[in-house]
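Student: Sequence and predicted structure, then a few things I'm wondering about:
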Amino acid sequence: MTFAEYNNATLQAPDPGQIARRLERWFARHQRPLPWRNGYDPYHVWVSEVMLQQTRMEVVLPYFERFVARFPTLQALAGATEQEVLAAWSGLGYYRRAKMLRAGAIEVVARFGGTVPSTVDELLTIPGIGRYTAGAIASVAWNRHAPIVDGNVARIVSRLFAIEHSLGTPALMNAAWQRATELVDACKTPRAFNQGLMEVGALVCKPRNPSCLLCPVANDCVARATGRAGELPRPKVKAETRELSIALYLITDRKGRVLMRRESGPLMNAMYHLPHGDTSLLTGSPLAAARGELLGTFRHTVTTRRIEFSVYAGAVKQHPRGEYAWIDPEALHDVPHPSYVRKALRWLP
DNA sequence: CAACCGTGGTT
DNA sequence: TAACCAAGGTT
């Protein structure tokens, strides 16, 4: 027997069935109690998956509870106005998600009789549902053998199988989807397996300092066997952030209402913004206003833009028309608005 | 396919 | 504190 043959005979080939069983068993014992795991109502699973896109679970929880209380059924969501849905989403970010979720609910009512589809192919035809979310709804809500790859899964499989590609590259994602497919095909309960994979990613196989001693598949992990669990996956190259300054105007009427404007551009469409002196980020048309005293400044980061906001008192020279509206600060929760608005209103008289 | 979309918590 | 990040989708 040659050395290579000896190695091939003794090195354990990764066994997808064994990995899947260990993750399913671990999930049964260690899963966190989350509201959308309560009965796995497909509508609730859908809402949770969209909210969780690029958003931490702890941030999502209160939004999810409020959202399903406000829109208890898929039919209720489909019957709501875009304003109402965006208002419930305010502060959560990526506001296109909310608009597509509502559009998707309307489509499911029209095309699927109000029942969330259970196949990946059907789910992919719904706005806001891509490859990941389709697999998540099919497997978590309907217990179908559909693979999923999110940030957690990409990280875990890159360690389990010692994949060298950098995070965020198509090469890593392709390899991860292939591995995720093999694994979910070998599992018994896709709902438990897929969530187990992500839950291990969130609680154990963390980006930094993975807790390999707590990991149910540590013995299957090639990165751990070679002492590189903390080194993989290789980091991604990040986009540069740009600096930007924007002047905001706090303009109130006699009743204490604040002047805001409904944006209609591609960015944060249909959200209400404060009047501002910048047209590169926001799309407001010039407002005939006088700039008063500087009330304060604050910083706010929007994706790749780092913005220094300066808040000025202001006064309108003529009655604003069109998309402008006077908003009662007490009723802000009914008005769709990005988070910087709330920060700026701190300087209200 | 690379760039873009929001936010707040963590390090 | 600045960088990094979190259950992606769309264009």
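Tutor: Thanks, I have the structure now.
Student: how about A:Ala76, secondary structure?
Tutor: Of the three states, A:Ala76 takes helix under DSSP: H, G, I helix; E, B strand; the rest coil.
Student: neighbours of it, just the number please.
Tutor: When neighbours are counted by other CB atoms under 10 Å, A:Ala76 registers 13. For glycine as for every other residue, the C-beta is placed from the backbone atoms N, C-alpha and C.
Student: Up against DNA strand C, what does the stretch 51-200 of chain A have?
Tutor: When proximity is defined as CB under 7 Å from any atom of the strand, the stretch 51-200 of chain A approaches DNA strand C at A:52-57, A:94, A:96, A:100, A:127-134, A:136, A:150-152, A:155, A:195, A:198-199.
Student: Tell me who's in contact with the residue of the stretch 1-150 of chain A found nearest DNA strand B.
Tutor: As assessed by CB to the nearest atom of the strand, DNA strand B sits closest to A:Gly93 within the stretch 1-150 of chain A, at 2.6 Å. A:Gly93 sits next to A:Thr55, A:Pro338, A:Ser339 when contact means CB atoms under 8 Å, 6 or more residues apart in numbering.
Student: For the residues of the stretch 51-200 of chain A next to DNA strand C, which ChimeraX command selects only the ones that are buried?
Tutor: Provided next is the ChimeraX selection string for whichever of these are buried by 16 or more other CB atoms under 10 Å:
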select /A:52,53,100,128,129,131,132,133,134,136,150,152,155,195,198,199
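Student: quick one: which helix or strand includes A:Leu295?
Tutor: strand A:289-302 (DSSP states H and E).
Student: now that strand, how far from the centre of its chain.
Tutor: Taking the mean of its C-alpha atoms, strand A:289-302 sits 29 Å from the chain's own mean (CA atoms, centre = their mean, to the nearest Å).
Student: That one pairs with which strands?
Tutor: Looking at strand A:289-302 with DSSP bridges, its partner strands are strand A:305-316 (antiparallel).
Student: Now the element after the partner strand, going C-ward?
Tutor: Moving toward the C-terminus from strand A:305-316, the next helix or strand (DSSP H and E) is strand A:324-327.
Student: Point out the other elements, helices or strands, that that following strand touches.
Tutor: Other elements packing on strand A:324-327 under the criterion 3 or more CB pairs under 8 Å, 6 or more residues apart in numbering; DSSP states H and E are strand A:258-262.
Student: For the residue nearest the centre of chain A, grab phi and psi.
Tutor: Nearest to the centroid of the C-alpha atoms of chain A, with distances taken as CA atoms, centre = their mean, sits A:Gln53, at 2.0 Å. With angles defined as degrees, to the nearest 10, A:Gln53 sits at phi -60, psi 110.
Student: residues in contact with it?
Tutor: Neighbour list for A:Gln53: A:Tyr94, A:Arg97, A:Thr133 [criterion: CB under 8 Å, 6+ apart].
Student: Pull up the gap between it and A:Ser118, please.
Tutor: Separation of A:Gln53 from A:Ser118 (CB to CB, to the nearest Å): 20 Å.
Student: What of A:Thr125?
Tutor: On the measure of CB to CB, A:Thr125 and A:Ser118 end up 13 Å apart.
Student: More neighbours: which of these two?
Tutor: More crowded of A:Thr125 and A:Ser118, by other CB under 10 Å: A:Ser118, with 17 against 13.
Student: Show me what from chain A comes close to DNA strand B.
Tutor: A:54-56, A:58-59, A:91-96, A:170, A:208, A:239, A:267-268, A:300-305, A:338-340.
Student: Before I go, just wanted to say thanks for your time.
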